[in-house]
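1. I would like to see how this sequence folds:
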Amino acid sequence: MQIETDLTGKLLIAMPGIGDPRFERSVILVCAHTPDFAMGIILNKPMDGIDLQEIIDQMDIPQDVDLEGVAILEGGPVATERGFVLHTDDVICDGATMEVEDELCMTATREILASIASAAPPRKFVMALGYAGWGAGQLEQELAQNAWLIGAPDSDLVFGDAYEHKWRHAMTRMGVDLSRLQSNAGNA
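-> Model prediction:
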């Protein structure tokens, strides 16, 4: 099986039976992928009991908008105390914003949170605590074991708030008939 060498900007969609409950039915946007590592943000697992308003209040960031009820995502099991914001490219933090793909960026600074709380936030954004990470060759091995499907992102999958439907949406968007999926599929 030939695996793409750079999955930056692609989605990883967990196959049934992935074998790791942290990634069960996950949809992950790959934000960086090199031969040495890969990192991504889980897009469909909102955190319970915390919202963006609470983060803004804790960091004592001045604000022009109310962010109560804006979900924070469980971005993955690595660096869970660190925040990552996926956002449109209409707001760029000099030296800190990483372009993921086309109009999609990631920033992990106080400056992006200040922008979100201001009267001129990015058109679209989502914040996550933590990220999913893989060491050299680890993601490629998981792909070879059929743990993930690779798909293209769309605005609803990245920024939408229908979290419980994102996995199904990502699968059906790729033409996968969910009634035919098996959790114990092998390799050909």
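
2. contacts and neighbour counts: CA atoms only from here.
-> Fine.

3. Tell me who's in contact with the residue nearest the centre of the chain.
-> The residue lying closest to the centre of the chain (Cα atoms, centre = their mean) is residue 41, at 2.7 Å. Taking Cα atoms under 8 Å, 6 or more residues apart in numbering, we find residue 41 in contact with 28-31, 75-76, 128, 130-132.

4. Give the residue spans of the protein that score low on pLDDT.
-> 1-4, 181-188 (pLDDT under 70).

5. which stretches of it form strands?
-> Ranges of strands in the chain, per DSSP state E, are 11-14, 27-33, 37-42, 46-51, 71-74, 78-88, 98-101, 104-107, 125-135, 148-151.

6. now the third one against strand 125-135, angle please.
-> In this case it means strand 37-42. Counting by axes from the mean of the first three to the mean of the last three Cα atoms, to 10 degrees, strand 37-42 lies at 140 degrees to strand 125-135.

7. Check the burial of residue 155 by counting its neighbours.
-> 10 (other Cα atoms under 10 Å).

8. again with the one 10 residues further on
-> Taking other Cα under 10 Å as the criterion, the count of residues near residue 165 is 12.

9. ok so, going back, by neighbours, which of the contacts of residue 41 wins?
-> Going by other Cα under 10 Å, residue 28 tops these with 30 neighbours.

10. before we move on, back to that, dump the strands of the chain to a markdown table, plus distance to residue 21.
-> Putting the strands of the chain into a markdown table (distance: least, Cα to Cα, whole Å) gives the following:
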| stretch | distance to residue 21 |
| --- | --- |
| strand 11-14 | 11 |
| strand 27-33 | 13 |
| strand 37-42 | 13 |
| strand 46-51 | 15 |
| strand 71-74 | 13 |
| strand 78-88 | 15 |
| strand 98-101 | 27 |
| strand 104-107 | 26 |
| strand 125-135 | 13 |
| strand 148-151 | 14 |
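
11. closest to residue 57 out of these?
-> strand 46-51 (10.3 Å; Cα to Cα).

12. Now the closest one: buried residues?
-> Applying a neighbour-count criterion of 16 or more other Cα atoms under 10 Å, one finds 46, 51 buried in strand 46-51.

13. what helices or strands is that strand leaning on?
-> strand 71-74 (3 or more Cα pairs under 8 Å, 6 or more residues apart in numbering; DSSP states H and E).

14. same thing but at 10 Å, please
-> Packing partners of strand 46-51 (3 or more Cα pairs under 10 Å, 6 or more residues apart in numbering; DSSP states H and E): strand 71-74, strand 125-135.

15. pull the CA atoms of it into CSV?
-> Output of strand 46-51 as CSV, limited to C-alpha atoms (Å, rounded to 0.1, in the frame of the first residue of the first chain):
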residue,chain,number,x,y,z
PRO,A,46,-15.8,18.5,22.9
MET,A,47,-14.6,18.7,26.5
ASP,A,48,-17.2,18.5,29.3
GLY,A,49,-17.4,21.3,31.9
ILE,A,50,-15.3,23.9,30.2
ASP,A,51,-15.9,26.5,27.5
